[in-house]
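1. model this:
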Amino acid sequence: MILPLILNEMVTKERILEMKRAHSEELAQFREKLYVRPRLRQLFFELTLKCNEACFHCGSSCGAARPDGLPVEVYRAVLDEVKQNFDIRPLMLCITGGEPLLRPDFFEILGYAHSQGFTWGMTSNATLITPQVAHRLYESGMATISVSIDGLEKTHDRLRGLDGGYRLAMEGIENLLAERDRRYAEPAVSPGQQENDQPVTGQQADWQHVNRPDQPVEGKRRKKPFRAIQVTTVINHENIHELDALYAIFEKMDIDSWRVIGLEPIGLALLRPELMLTPEDQRRLISFIYEKRCEQMPVTYGCSHFVGFDYEREIRDWYFLCNAGIYTASIMANGDVGACLDIERTPRTVQGNILETPFTEIWNKRFELFRRPLSRMCEDCRDCSYERYCAGGAHHSFDYESNRQRICLKGILFDEENL
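-> This next block holds a predicted model:
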């Protein structure tokens, strides 16, 4: 985790703001280059719309009666195509749903991805992660996982529509942590004994886990266990008062990070406006994250929105950049291709379908909507003094019918005078 910039005799507030403006200008220039030459870094597979929970804020309207995604053969073909046409070394395959583990052929698909050299991680509610499943996830090469915990036990179960869901999810996290600990405790083997394992040195070995005493010695190799076990919490007007209690729980667990994000006006959450964060809620959330990061705790806001120069680079490791369509693409359960899966799905935002057009062609020849600033479509954004750095905000919270941004934190976290 990159720590917040701390004031001292050598680094004044004015100097910090100067550095942030310079960094943001560099990022703005780089974003313009990405519009012209995008780089695929995250490819999402929405494996299924089936889910054993019924979250009130689900962006994909998942449920028990929803269908699985595409046949195994289609995923294999896409993986082969991507491997042939893209450099997969910096690419993360991101698995989501629904609940991905409900898919019977989950391990067949991800085992194949692993065998082809893809790095993959997933989002899960963790209710199905028994010790045996945790072991299979390790064997299938899972690198990262983000588990949803949306409040204390009663709140979590109510918001996610599954009695006992909190208990099962926490057990799932503990099973993942136990599997990782077992793998770290195993002796390293000599180079060449397991050809597909990653070389590890005492300095390089999974830098997130700085407290682990059992780092392998120089020149040894081991199959890396899970690189990052993260908890994600969606904060709304009802559960925001549980932040401190949740922190007290997660602080005692050996997770790598806690991602805390606000409820977004997307999907089913549009039907619950009373649970959207108020301006005071937004300030409370951002202040909480900032304070914990100043204490060197791995709490992060994620990539959601531009938060102004007082908080940019403070509540997450770098500056705001919406990755949709320039770094990120998604294949939906029906084969449709879009940018971020949280973006509303309309004929305007869906860029094609892999059952009709190769993914590579869609990525290379379409996505025009996402390769220009949103601010060009939004009258409110066009003349804003922050437009250069925000570029109209996040695609997932943009209303493509009215061409307006649903979430803007100007006037809440920052104003024109701070520029």
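
2. show me where the stretch 151-300 of the chain has helices.
-> 153-160, 165-185, 243-250, 279-294 (DSSP state H, counting those that start in this stretch).

3. between those, which gets nearest to Val11?
-> helix 279-294 (14.2 Å; CB to CB). All C-beta spots, glycine's among them, are computed from the backbone N, C-alpha and C.

4. Going by length in residues, pull out the top helix of this protein.
-> helix 13-36 (DSSP state H).

5. Going by contacts, tell me the helices and strands next to that one.
-> helix 387-390 (3 or more CB pairs under 8 Å, 6 or more residues apart in numbering; DSSP states H and E).

6. gap between the helix it packs on and the chain center?
-> Chain-centre distance of helix 387-390: 22 Å, with CA atoms, centre = their mean, to the nearest Å.

7. what does stretch 103-118 give?
-> The mean C-alpha position of stretch 103-118 is separated from the chain mean by 20 Å, CA atoms, centre = their mean.

8. And stretch 335-344, by the same measure?
-> 14 Å.

9. how about the helices of the stretch 151-300 of the chain in a markdown table, adding distance to Leu40?
-> Below are those laid out as a markdown table (distance: least, CB to CB, whole Å):
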| stretch | distance to Leu40 |
| --- | --- |
| helix 153-160 | 32 |
| helix 165-185 | 28 |
| helix 243-250 | 32 |
| helix 279-294 | 29 |
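
10. Can you tell me how far Val307 is from Arg313?
-> 10 Å (CB to CB, to the nearest Å).

11. show me what contacts the closest residue to Arg293 other than its chain neighbours?
-> Counting by CB to CB, 6 or more residues apart in numbering, the nearest residue to Arg293 once its immediate chain neighbours are dropped is Pro4, at 5.2 Å. By CB atoms under 8 Å, 6 or more residues apart in numbering, Pro4 lies in contact with 290, 293-294, 313-315.

12. Please produce a PyMOL select command covering the buried subset of those.
-> A single PyMOL command selects the buried members of those (16 or more other CB atoms under 10 Å):
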select buried, resi 290+293+313+314+315
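
13. Pick the one among the contacts of Pro4 closest to Ile249.
-> Using CB to CB, those come closest to Ile249 at Arg293, 18.1 Å.

14. all strands of the protein, in order?
-> 42-46, 92-96, 119-124, 142-148, 198-199, 221-222, 228-235, 257-262, 299-300, 328-331, 336-338, 352-353, 398-399, 404-405 (DSSP state E).

15. quick check: mean pLDDT across the longest helix of the chain?
-> On average, the pLDDT along helix 13-36 is 95.

16. TSV please, covering the strands of the chain and showing distance to Arg345 and mean neighbour count.
-> Below are the strands of the chain laid out as TSV (distance: least, CB to CB, whole Å; neighbours: other CB atoms under 10 Å):
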stretch	distance to Arg345	mean neighbour count
strand 42-46	11	23
strand 92-96	14	21
strand 119-124	18	22
strand 142-148	21	21
strand 198-199	37	12
strand 221-222	42	18
strand 228-235	20	21
strand 257-262	20	21
strand 299-300	27	22
strand 328-331	10	24
strand 336-338	7	23
strand 352-353	12	17
strand 398-399	13	19
strand 404-405	18	18
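
17. Which one of the ones you listed lies nearest to Thr155?
-> Comparing the strands of the chain by CB to CB, strand 228-235 comes nearest, at 10.4 Å.

18. Could you please name the strands that closest one pairs with and the direction of each pair?
-> strand 142-148 (parallel), strand 257-262 (parallel) (DSSP bridges).

19. tell me the average confidence for the first one?
-> I take that to be strand 142-148. Model confidence over strand 142-148, given as mean pLDDT, is 98.

20. what angle do it and helix 153-160 make?
-> 100 degrees (axes from the mean of the first three to the mean of the last three CA atoms, to 10 degrees).

21. do the same with the last one
-> Regarding strand 257-262 and helix 153-160, their directions subtend 60 degrees when assessed with the same axes, to 10 degrees.

22. Can you tell me which of the contacts of Pro4 comes closest to Ser148?
-> Once CB to CB is applied, the member of these that ends up nearest Ser148 is Ile315, at 19.9 Å.

23. Is that closest one in contact with Tyr290, as I believe?
-> Yes: applying CB atoms under 8 Å, one finds Ile315 in contact with Tyr290, separated by 5.4 Å.

24. check contacts around Ile149.
-> Here Ile149 is in contact with 156, 166, 169-170, 231-233, 246 (CB under 8 Å, 6+ apart).

25. and of the residues you listed, the nearest to Ile286?
-> Distances from Ile286 to those, taken by CB to CB, are shortest for Thr233, at 14.3 Å.

26. Tell me the pLDDT of the closest residue to that closest one other than its chain neighbours.
-> The shortest distance from Thr233 to any non-neighbouring residue, by CB to CB, 6+ apart, is to Val260 (5.2 Å). For Val260, the model assigns a pLDDT of 97.

27. For Glu238, which residues are in contact?
-> 155, 159, 275.

28. mind checking pLDDT for the last one?
-> Right, Leu275. 95.

29. just Gln208 next, same as before
-> On the pLDDT scale, Gln208 gets 33.

30. again, but for Ala185
-> 85.

31. Now for it, how many residues are close by?
-> 9 (other CB atoms under 10 Å).

32. One more: Lys33?
-> Count around Lys33 with other CB under 10 Å applied: 11.

33. likewise Lys292?
-> By other CB under 10 Å, neighbour count at Lys292 equals 21.

34. Pull stretch 280-294 out as PDB, backbone CA atoms only.
-> C-alpha atoms of stretch 280-294 as PDB (Å, rounded to 0.1, in the frame of the first residue of the first chain):
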ATOM      1  CA  GLU A 280     -22.500  14.100   5.000                       C
ATOM      2  CA  ASP A 281     -22.200  10.300   4.500                       C
ATOM      3  CA  GLN A 282     -19.700  10.800   1.700                       C
ATOM      4  CA  ARG A 283     -17.600  13.100   3.800                       C
ATOM      5  CA  ARG A 284     -17.700  10.600   6.700                       C
ATOM      6  CA  LEU A 285     -16.700   7.700   4.400                       C
ATOM      7  CA  ILE A 286     -13.800   9.500   2.800                       C
ATOM      8  CA  SER A 287     -12.500  10.800   6.100                       C
ATOM      9  CA  PHE A 288     -12.700   7.300   7.600                       C
ATOM     10  CA  ILE A 289     -10.600   5.800   4.800                       C
ATOM     11  CA  TYR A 290      -8.100   8.600   5.000                       C
ATOM     12  CA  GLU A 291      -7.600   8.300   8.700                       C
ATOM     13  CA  LYS A 292      -7.100   4.600   8.600                       C
ATOM     14  CA  ARG A 293      -4.500   4.900   5.800                       C
ATOM     15  CA  CYS A 294      -2.700   7.500   7.800                       C
END
